[in-house]
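Student: dropping a prediction and its sequence here:
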Amino acid sequence: MTDNITLLPDRYFDPDPEQKELALHLYQQVAGKPLVCPHGHVDPAMFADPDYKFGTPADLLLIPDHYIFRMLYSQGMELEKLGIPRQDGAPVETDHRKIWQLFANHFYLFRGTPTGMWFNHELHDVFEIREKLSGQNAQQIYDQIAECLEKPEFRPRKLFEQFNIEILATTDAASDTLDHHKAIKESGWRGRVVPTFRPDGVVNIDRPDWRENISALGGVCGYEISSYKKLVGALESRREFFKSMGATATDHAALTPFTCELTEDQADAIFQRALKGTATEDDATRFTGHMIMENARMSVEDGLVMQFHPGSLRNYNDLIFNRFGFDKGCDIPVQVDYTRNMRPLLNKYGNDHRLTLILFTLDETTYSRELAPIAGHFPSVKLGPPWWLHDSLNGMRRYRDQVMETAGLYNTAGFNDDTRAFPSIPARHDLSRRVDANWIAGLVVRGILDLEDAQEMIHDTAYRLAKRAYKFD
Amino acid sequence: MTDNITLLPDRYFDPDPEQKELALHLYQQVAGKPLVCPHGHVDPAMFADPDYKFGTPADLLLIPDHYIFRMLYSQGMELEKLGIPRQDGAPVETDHRKIWQLFANHFYLFRGTPTGMWFNHELHDVFEIREKLSGQNAQQIYDQIAECLEKPEFRPRKLFEQFNIEILATTDAASDTLDHHKAIKESGWRGRVVPTFRPDGVVNIDRPDWRENISALGGVCGYEISSYKKLVGALESRREFFKSMGATATDHAALTPFTCELTEDQADAIFQRALKGTATEDDATRFTGHMIMENARMSVEDGLVMQFHPGSLRNYNDLIFNRFGFDKGCDIPVQVDYTRNMRPLLNKYGNDHRLTLILFTLDETTYSRELAPIAGHFPSVKLGPPWWLHDSLNGMRRYRDQVMETAGLYNTAGFNDDTRAFPSIPARHDLSRRVDANWIAGLVVRGILDLEDAQEMIHDTAYRLAKRAYKFD
Amino acid sequence: MTDNITLLPDRYFDPDPEQKELALHLYQQVAGKPLVCPHGHVDPAMFADPDYKFGTPADLLLIPDHYIFRMLYSQGMELEKLGIPRQDGAPVETDHRKIWQLFANHFYLFRGTPTGMWFNHELHDVFEIREKLSGQNAQQIYDQIAECLEKPEFRPRKLFEQFNIEILATTDAASDTLDHHKAIKESGWRGRVVPTFRPDGVVNIDRPDWRENISALGGVCGYEISSYKKLVGALESRREFFKSMGATATDHAALTPFTCELTEDQADAIFQRALKGTATEDDATRFTGHMIMENARMSVEDGLVMQFHPGSLRNYNDLIFNRFGFDKGCDIPVQVDYTRNMRPLLNKYGNDHRLTLILFTLDETTYSRELAPIAGHFPSVKLGPPWWLHDSLNGMRRYRDQVMETAGLYNTAGFNDDTRAFPSIPARHDLSRRVDANWIAGLVVRGILDLEDAQEMIHDTAYRLAKRAYKFD
């Protein structure tokens, strides 16, 4: 019994036999549907080169995945020991078998976590491993995965096809030249990989890398971004370029969802202070708040779907940030007030049918209090799926519980996997489809829905809502 | 299967067979109990005239119901197309069959929402319709309802009796002369319809219609409300009048539950600024906060139960408010701090047994953190049922889950339907009774309660708590 | 049926038969494990004297238990009638049979509350009472309990042994001389009762009893605490003394989890103002915030586990506080922001493996938003179990639901009973073990865990995590 892993066909469903059977029935109707991936962080480079290799099992599954190494770090393992590269180039563990062993020894830490569920699914479905990972079998499983990764069918393009991905959106900086996307297009490969325009690096003036990003943007535009007006012009032209490369959406992050409207003079004054390095915290808040509104205006004009992900206090742990950089598992959420903060934007553009604004949150208290009422009223607003730490069995259940009655299913934007861990994509969609099937089955066995409605809804949640919200039709 | 609607006798109960059976058993004991409706927004005019007619199906079921049209608006339907009257008198759709068709075409939007559940119940129980509403059968169902509405048994008084309503409280402005209530009383009809005193219009000085309301209050009092002192006197005399007309309660709304005590001079200074149009936002907050305390003082003296509904940012969408006015589905909740804000009031009056203060919230985070601890300590405080957007299957479940263990059942005020949609009243009470039966059954099957306690409790939740809290005995 | 109480062997488990059976199976594996009680408020005096008697049933079960009398107070019973001593020495009810009768008459108020569950368990298991308490049988049950309390096997030491308590930590002021702990040690009795160092009384300068506490601390140190530096020295030496007496932990409370670093001069300036009675509210906040950091520094150095319990607005009801003093059921929680407030401390000490910082909350919104992400990243941080009002069936369920997926089980600190009601300890651990067994069983029947992991986890939650987190090994 020690290390037999069985992925039960009716896993993740509630135990009541009637609900379980119905959930399985609903799930099976969509289990094979193509995957629509409208938001995520997969590196497009892996599809640009037909012969791209993933490297070792640790390269593929551990080192890039901050969901995994943050948990190990929290239990006392140093990131260096996990092979996470240091900013200063100091040596870190390079023996990937050792890294793998350390992870396997502590795999019990992931009991009951989404990371654990996804990982088990990946091992089982992608690498056909039939044992539960442990310290004992770590090296043997490492071998099995390494062997797979050598095979041609484990090239990214092949997996993309095998995973039945219909479309995959990446996330790309405003200054990105989208060379990989170009290469993919020109290669004749029929996988659909599209960019997403994410201008945070150049509009959030308090970022440590802002000046660098502004230079890069100037570089691709061919002129110096020396004024607010030039920034706006640059953004507009980059959006146009992204759109021409297949983008249907933009993405925006900020500490708070504060929005406000500045005059051009006010905006430029802040921009100039930012260039001189004299901008205040308040400047940064107002500038970002204004640029969110500007991007909404641009979306009204160019039709790009606007995604907004506020509420994460990034790089919270100075030691980790200074040593290892961005996205190392130390972004911590804060309380968020959407109602008051977004009123300027919603009053100006919220009634405009040309805008699609997809809101996300890490503060679940806003689901029933703010986001569902806003999405249940404003024609432009849709709610994104449970984000990040809440993209989990319980997180999705809480979302359905707290959002649906007020917003209704049709003011939501379906699922997205939001991952940089490419081989976890099927696992993530599968978990979501199962949780949704269970939710819908729960409504049927409670006499809230009939079976006809249920069948419609499972197709909506698994496939159609995402496609429609992101204008992929 | 397409359009058969079946309201299952055991609907809304959890699927476990033992719990379901017990829930049904408990529910059946109270399914036929009279409806106590201590808080709502039904227009008393409909009971003043024995021959009052509801108009068309759209007049009755759609046009006045912002739960319905906000959802349609959120999906791109213009309010004009739904027959919502404009403030400027500009034309809106007058073909009620067209409005009905538009609604029916989009009835799928309400899947899994309380509005959908109530609506299905109304069609089934009030109008004896046995099909699920859809675009196909919309006109036929319109005909069936329209036919019913012609019949004498569909006059409001007859429905009131058929619904088995024991008492219905309306909500009435401080300046209301209660002519309809008088007419009802004098008519000899035995239906009990009582007013509720709601002075928000004259105490919230930041309301757009405040000055108008103050004039109206002066009008009914026979003197100009030219000072704070006169306002207090006017409120006291209006409360007395409401009480003489059967009122047992007052109702108060504010953006926050801030309370504070001003001296008479301070209060009058703000009042004078308000008259001159120079009051600040801070003035408004403090004046409202003070008037909440004043009304608590009056409740201590005259025994009227005090209801407090803070936390909704009203008329959030300027475009909709300017075009269509109040109560158009665009009030959005905000975070609320009861603990700090209500301390002045609770310290002054919270220990006084003469006060009954019923607190409501749209910020569910306060259930377990603030409201249950406050109600579980202060003798004056009771918690109202899940309010507005949370008056739903999940909302009621969350309330029971988060409130009961700390406050106990007996610090709550039973159910109220809070509706302006008169024919939805039985559906709303039925949903509540079912959810409570299921909750109590869940406690029994977990060995937390015995059956004897369970039987007591279902009668308390369905009938007795509301009657007692609102002093209807 | 009226008054038969049956504690079902499978109580508190979900009703699905498969889950229930498995939960019972898991529970039975740990039902007999020793109780680890790392945090609570039991008076050590009762173990210092081998012949200590508990007094009357009301002395034992009602008068010291603010969970009980706050509920009675909320329903209109005066604390004087319940025998709660007044600060001014005014007379209160001394007839304990009358107090007991009043409680029994209102025992229905506790339906579905943890207090009710614990109480039923105590009556059944400790006093072998087989009826449900009611007004009718109140005096007879009083007699039964009183008779028990006369017996030698109901002396605290005997119950301690019978309860199978492995270790019990008390909570003790910085100035406490720990005479009772000394007496216990020297008595040769083998029960392990250890102190916990709680310096709030001397570091929270806004406490009404601060000056008194500072004097007492000076008294035990043998010098006047006339400066900040002397305070720090005194704390360090008291911590050392506590450690020598078996303490493994400290405990800290504050209104907010604000942390900041002051220079020694800044800290001393505030300290001097506090001595003079001129410290401001802001002084108090900053001083407490600084002292929290200082205590973290000391914990890094001396290895004492640091517990932090912020977020309760103590003594909220002036009337009750003035008349009856501390801990009278009128502490009301407030919203808490851990993310921003604790950043200084976490950045300075959070990565240090020598620190164990156990965080608690009364603001459940922080579970998924802040605490689980923080514990799931920082090696020093563990999450304490659901605290106080949330130490309940639903509260524990919400905690598991919202914390586990992000923090993982192994960043939590197991259970603690946090009680001053000694005879309720087994009931509290039993409830917790049952809820955990049900939670784990729920994961198994959903295919998330296999049985092998489940068996590990139930031993972790019931016993091992607490022992490890508090360094009792």
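Tutor: That came through, no problem. Numbers count the residues shown, from 1 in each chain, chains lettered A, B, ... in the order given.

Student: what about residue A:89, neighbour count?
Tutor: 7 (other CB atoms under 10 Å in any protein chain shown). Where you see a C-beta, it was placed from the backbone N, CA and C, and this is true even at glycine.

Student: no wait, residue A:437
Tutor: Counted with other CB under 10 Å, residues neighbouring residue A:437 total 29.

Student: need the pLDDT of it.
Tutor: What the model reports as pLDDT for residue A:437 is 98.

Student: my read is that it contacts residue A:11, right?
Tutor: No: applying CB atoms under 8 Å as the test, residue A:437 and residue A:11 come out as separate, 11.3 Å apart.

Student: got the contact list for the residue lying closest to residue A:449 once chain neighbours are set aside?
Tutor: Nearest residue to residue A:449, sequence neighbours excluded (CB to CB, 6 or more residues apart in numbering or on different chains): residue A:443, at 4.4 Å. Neighbouring residues of residue A:443 by CB atoms under 8 Å, 6 or more residues apart in numbering or on different chains: A:449, A:454, B:112.

Student: what do you get for residue A:392?
Tutor: Counting by CB under 8 Å, 6+ apart, residue A:392 has contacts A:113-114, A:386, A:431, C:405-406.

Student: do the same with residue A:422
Tutor: A:42, A:46, A:156, A:159.

Student: per-domain residue ranges of chain A.
Tutor: For chain A, automatic domain parsing gives the domain ranges A:17-52+A:156-469, A:53-154.

Student: how about TSV for these, with distance to residue B:317 added?
Tutor: As requested, these are exported to TSV (distance: least, CB to CB, whole Å):
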stretch	distance to residue B:317
domain A:17-52+A:156-469	7
domain A:53-154	36
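
Student: most packed of these?
Tutor: Neighbour counts (mean count of other CB atoms under 10 Å in any protein chain shown) averaged over each of those peak at domain A:17-52+A:156-469, with a mean of 20.

Student: and the end-to-end length of it?
Tutor: Distance between the boundary residues of domain A:17-52+A:156-469 (CA to CA, to the nearest Å) amounts to 34 Å.

Student: follow-up on the earlier one: from the contacts of residue A:392, pick the one nearest chain B.
Tutor: Among these, residue A:386 lies closest to chain B (CB to the nearest CB), at 15.7 Å.

Student: hang on, isn't the closest one packed against residue A:400?
Tutor: No: the criterion here is CB under 8 Å, and residue A:386 misses it with residue A:400 at 9.1 Å.

Student: quick one, what contacts the most centrally placed residue in chain A?
Tutor: By CA atoms, centre = their mean, chain A has its centre lying nearest to residue A:418, at 2.0 Å. Contact analysis of residue A:418 by CB under 8 Å, 6+ apart lists A:39-41, A:387-388, A:391.

Student: residue A:184 should be in a helix, yeah?
Tutor: Yes: counting by DSSP: H, G, I helix; E, B strand; the rest coil, residue A:184 is part of a helix.

Student: my guess is it contacts residue A:44. True?
Tutor: Yes: in this structure residue A:184 lies within contact range of residue A:44 using CB under 8 Å: 6.7 Å.

Student: now list whatever residues contact both of these two.
Tutor: The contact sets of residue A:184 and residue A:44 overlap at residue A:193 (CB under 8 Å, 6+ apart).

Student: how about the nearest residue in space to residue A:192 that is not next to it in sequence, secondary structure?
Tutor: Once flanking residues are discounted, residue A:192 sits nearest to residue A:167: 4.4 Å by CB to CB, 6+ apart. Three-state secondary structure (criterion: three-state DSSP) places residue A:167 in strand.

Student: how near is residue A:167 to chain B?
Tutor: 24 Å (CB to the nearest CB, to the nearest Å).

Student: over to residue A:119?
Tutor: From residue A:119 to chain B the distance is 31 Å (CB to the nearest CB).

Student: just to be sure, that residue is in a strand?
Tutor: No: counting by three-state DSSP, residue A:119 is located in no strand; its state is helix.

Student: tell me who's in contact with it.
Tutor: A:61, A:68, A:107, A:110, A:133, A:424, A:427.

Student: put together a markdown table for these, with distance to chain B and pLDDT on each row.
Tutor: Putting these into a markdown table (distance: CB to the nearest CB, whole Å; pLDDT from 0 to 100) gives the following:
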| residue | distance to chain B | pLDDT |
| --- | --- | --- |
| A:61 | 37 | 97 |
| A:68 | 31 | 97 |
| A:107 | 33 | 98 |
| A:110 | 28 | 98 |
| A:133 | 35 | 97 |
| A:424 | 29 | 97 |
| A:427 | 27 | 98 |
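
Student: on that earlier part again, of all the domains of chain A, which lies closest to residue C:305?
Tutor: The closest of those to residue C:305 is domain A:53-154. By CB to CB, the value is 15.3 Å.

Student: which SS state does residue A:36 fall under?
Tutor: Three-state call for residue A:36 (three-state DSSP): strand.
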